[in-house]
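**Q** here is a sequence together with a model predicted from it:
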Amino acid sequence: MFDLTGKCALITGASGGIGGSIAKALHAAGATVGLSGTRTEPLESLAAELGERAHVLPCNLSDADAVNALPKQAIEAMGAVDILVNNAGITRDNLFMRMSEEEWNTVLEVNLTSTFRLSKGVLRGMMKSRWGRIVNISSVVGSTGNPGQGNYAAAKAGMIGMSKSLAYEVASRGITVNAVAPGFIETAMTDKLTDDQKSGILGQIPTGRMGSPDEIAAAVLFLSSAEAGYLTGTTLHVNGGMAML
Amino acid sequence: MSDIADRVKKIVVEHLSVEEDKVVESASFIDDLGADSLDTVELVMAFEEEFGIEIPDDAAETIQTFGDAVKFISEAQ
């Protein structure tokens, strides 16, 4: 099931825990993958692990020119971008009353504006081929909010509204646009939480555990598949039941 | 009719599946030829490829009719 042979997928944030798992899952289903991220070294080692059909495409998502150039670089490397996974994300947590404009702008720029730019850049090819998949990695906090994450929650909620609007526009061309909203997943981002924070969080998750990156990758693989062609503008909440939306 | 007009007409006929004789100078892509707004984006993309030019977004918005397209492309070349 879910055969992506012949499809080319660009994944941002592929040097991170969730992004790496997404790249592996799409690659295992037969896709050619373009691994993007800020840090070249982990991208290179992931590409080496995957072997054939893996390309390293470093990009700093806070640099507008670099972001606008990435789709072209991906097409040069792979021949096309049939699947775009906007996974990269950063946090600059602070109490709202203390949050600087810079903390706000940086998070919006990297998490939301880069998603706009990259989606726009890959749509031309998808429109021509009458097939495309855009999967935006949002977050449970985009729907529930979270103290200290006003910027991050705004960006992640923004991705959902943007996905729905774009989904309307391009549905007739065989392009679907969906979001995946992870809950608490075991990654470097959640490793930073203290034990007290972790136990507090686990108390709110009916499954009683954090999710694994592979469980996010599975949702992305499904949304990227031909089988999910009738699913667009939706958000898959993969959060162990902590918010049943 | 100029070579440019012929090539533009061919793209319009193919993309919008309309009769060739409907594609007259004053024909509006949306009002007369049944295009939706996304079709007009795709037409501009096709013009760019056919003629090897770049049509910026603000210019693309001014191309409403077949005549507009021929005029713009003639001037851009």
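**A** Arrived safely.

**Q** with just CA atoms, put the lengthiest helix in chain A into PDB.
**A** Using DSSP state H to assign secondary structure, the helix with the most residues in chain A is helix A:150-170. Extracted as PDB, the C-alpha positions of helix A:150-170 are listed here (Å, rounded to 0.1, in the frame of the first residue of the first chain):
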ATOM      1  CA  GLY A 150       1.900  32.800  21.400                       C
ATOM      2  CA  ASN A 151       4.200  33.100  18.300                       C
ATOM      3  CA  TYR A 152       4.500  29.400  17.700                       C
ATOM      4  CA  ALA A 153       0.800  28.800  18.100                       C
ATOM      5  CA  ALA A 154      -0.100  31.600  15.800                       C
ATOM      6  CA  ALA A 155       2.200  30.300  13.100                       C
ATOM      7  CA  LYS A 156       0.900  26.800  13.500                       C
ATOM      8  CA  ALA A 157      -2.700  27.900  13.400                       C
ATOM      9  CA  GLY A 158      -1.900  30.100  10.400                       C
ATOM     10  CA  MET A 159      -0.600  27.000   8.500                       C
ATOM     11  CA  ILE A 160      -4.000  25.400   8.900                       C
ATOM     12  CA  GLY A 161      -5.900  28.400   7.600                       C
ATOM     13  CA  MET A 162      -3.500  28.700   4.700                       C
ATOM     14  CA  SER A 163      -3.700  25.000   3.900                       C
ATOM     15  CA  LYS A 164      -7.500  25.200   3.700                       C
ATOM     16  CA  SER A 165      -7.500  28.300   1.500                       C
ATOM     17  CA  LEU A 166      -4.900  26.800  -0.900                       C
ATOM     18  CA  ALA A 167      -6.800  23.500  -0.900                       C
ATOM     19  CA  TYR A 168      -9.900  25.200  -2.300                       C
ATOM     20  CA  GLU A 169      -7.900  26.900  -5.000                       C
ATOM     21  CA  VAL A 170      -6.000  24.000  -6.400                       C
END
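
**Q** quick check: buried residues in it?
**A** Neighbour-count burial for helix A:150-170, counted by 16 or more other C-beta atoms under 10 Å in any protein chain shown, picks out A:150-160, A:162-164, A:166-167, A:170. Where you see a C-beta, it was placed from the backbone N, CA and C, and this is true even at glycine.

**Q** now narrow those to whatever sits close to chain B.
**A** A:V170 (C-beta under 8 Å from any C-beta of the partner chain).

**Q** give me the contact list for the helix or strand of chain A with the lowest mean pLDDT.
**A** Every helix and strand in chain A was compared by mean pLDDT, DSSP states H and E; the lowest is helix A:188-191, with a mean of 79. Identification of contacts with helix A:188-191 by C-beta atoms under 8 Å, 6 or more residues apart in numbering or on different chains yields A:16-17, A:91, A:184, A:198, A:210.

**Q** please identify which of those is nearest to B:V41.
**A** A:G16 (33.5 Å; C-beta to C-beta).

**Q** ok, that closest one to chain B distance?
**A** 33 Å (C-beta to the nearest C-beta, to the nearest Å).

**Q** and A:L50, by the same measure?
**A** 33 Å.

**Q** that residue: how many residues sit nearby?
**A** For A:L50, the count of nearby residues is 17 (other C-beta atoms under 10 Å in any protein chain shown).

**Q** isn't it up against A:V33?
**A** Yes. A:L50 lies in contact with A:V33 (C-beta atoms under 8 Å); the separation is 6.9 Å.

**Q** so who does the residue most central in space within chain A touch?
**A** Closest to where the C-alpha atoms of chain A average out (C-alpha atoms, centre = their mean) is A:N87, at 2.0 Å. Neighbouring residues of A:N87 by C-beta under 8 Å, 6+ apart: A:11-14, A:16, A:18-19, A:22, A:137.

**Q** number of nearby residues for the closest residue to A:A54 other than its chain neighbours?
**A** Spatial nearest neighbour of A:A54, chain neighbours left out: A:A47 (4.2 Å); criterion: C-beta to C-beta, 6 or more residues apart in numbering or on different chains. Neighbour count of A:A47, defined by other C-beta under 10 Å: 21.

**Q** any idea how far A:A47 is from A:G16?
**A** 15 Å (C-beta to C-beta, to the nearest Å).

**Q** A:M189 too?
**A** Taking C-beta to C-beta, one finds A:M189 at 8 Å from A:G16.

**Q** neighbour count winner among these two?
**A** A:G16 (22 against 15).

**Q** would you confirm that that one contacts A:T187?
**A** Yes. Using C-beta under 8 Å, A:G16 is in contact with A:T187, at 6.5 Å.

**Q** can you give me the strands in chain A?
**A** A:8-11, A:32-37, A:54-58, A:83-86, A:132-137, A:175-182, A:235-238 (DSSP state E).

**Q** and those strands as JSON lines, adding mean neighbour count and mean pLDDT?
**A** Output for those, formatted as JSON lines (neighbours: other C-beta atoms under 10 Å in any protein chain shown; pLDDT from 0 to 100):
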{"stretch": "strand A:8-11", "mean neighbour count": "29", "mean pLDDT": "98"}
{"stretch": "strand A:32-37", "mean neighbour count": "28", "mean pLDDT": "98"}
{"stretch": "strand A:54-58", "mean neighbour count": "21", "mean pLDDT": "98"}
{"stretch": "strand A:83-86", "mean neighbour count": "28", "mean pLDDT": "98"}
{"stretch": "strand A:132-137", "mean neighbour count": "27", "mean pLDDT": "98"}
{"stretch": "strand A:175-182", "mean neighbour count": "26", "mean pLDDT": "98"}
{"stretch": "strand A:235-238", "mean neighbour count": "19", "mean pLDDT": "98"}
